[in-house]
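# Sequence first, then the predicted structure:
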Amino acid sequence: MKKMILSIVVLLIVIYFSGCGGSQQFVKVPPDINKETVPKDTIEVIAKDFDFIPDTIRVKEGTLVTLEIKSIEGTHGFALDAFGIDERLDEGVIKTVEFYAGQKGEYGFHCSHLCGIGHFGMTGKLIIE
């Protein structure tokens, strides 16, 4: 029974890390963006076992977005695959992530550091309106 459970867990981990997530679609900040004149938005995000708060982030198209992400319980990760972002979040440290929201749509983000039993459910959504 233990071998079967271990086999299932290993299989799930292999599936998760085998590219089932999205791949990079956008440059984080295109070189032709004028950082002085583009609209900006800063959003605070908390990572904790096993949630992101907020788990839905809404921004306007054409905005230079800064996420200030802080883990308050353990080490986590923040991956926004569509923008090629994958950051380690050490407990108590604010990680600043910047990207340009250049195209409307919905893009998933997730914890990219195996953080425990609830890891695979630690997800969220970026909505560019």
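Structure's in. What do you need?
# Can you give me the buried ones in stretch 90-106?
For stretch 90-106, burial by neighbour count (16 or more other C-beta atoms under 10 Å) applies to 95, 97, 99, 100, 101, 102. To be clear about C-beta, it is placed using only N, CA and C from the backbone, and glycine gets the same treatment.
# So for that stretch, first residue to last residue, what's the gap.
End-to-end distance of stretch 90-106 (C-alpha to C-alpha, to the nearest Å): 27 Å.
# Run through the strands of the protein in chain order.
Assigned strands in the chain, in chain order: 40-48, 51-53, 56-59, 63-71, 76-80, 85-89, 94-101, 105-110, 123-128 (criterion: DSSP state E).
# mind putting those in JSON lines, mean pLDDT included?
Output for these, formatted as JSON lines (pLDDT from 0 to 100):
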{"stretch": "strand 40-48", "mean pLDDT": "96"}
{"stretch": "strand 51-53", "mean pLDDT": "94"}
{"stretch": "strand 56-59", "mean pLDDT": "98"}
{"stretch": "strand 63-71", "mean pLDDT": "97"}
{"stretch": "strand 76-80", "mean pLDDT": "93"}
{"stretch": "strand 85-89", "mean pLDDT": "94"}
{"stretch": "strand 94-101", "mean pLDDT": "97"}
{"stretch": "strand 105-110", "mean pLDDT": "95"}
{"stretch": "strand 123-128", "mean pLDDT": "96"}
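# most packed of those strands?
When you average the neighbours per residue for each of the strands of the chain (mean count of other C-beta atoms under 10 Å), strand 76-80 leads with a mean of 24.
# Convert the C-alpha atoms of that strand to PDB, please.
Coordinates of each C-alpha in strand 76-80 appear next as PDB, following Å, rounded to 0.1, in the frame of the first residue of the first chain:
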ATOM      1  CA  HIS A  76       7.200  29.200  -1.300                       C
ATOM      2  CA  GLY A  77       7.600  30.200  -4.900                       C
ATOM      3  CA  PHE A  78       5.800  32.400  -7.300                       C
ATOM      4  CA  ALA A  79       5.600  31.400 -11.000                       C
ATOM      5  CA  LEU A  80       3.700  33.400 -13.600                       C
END
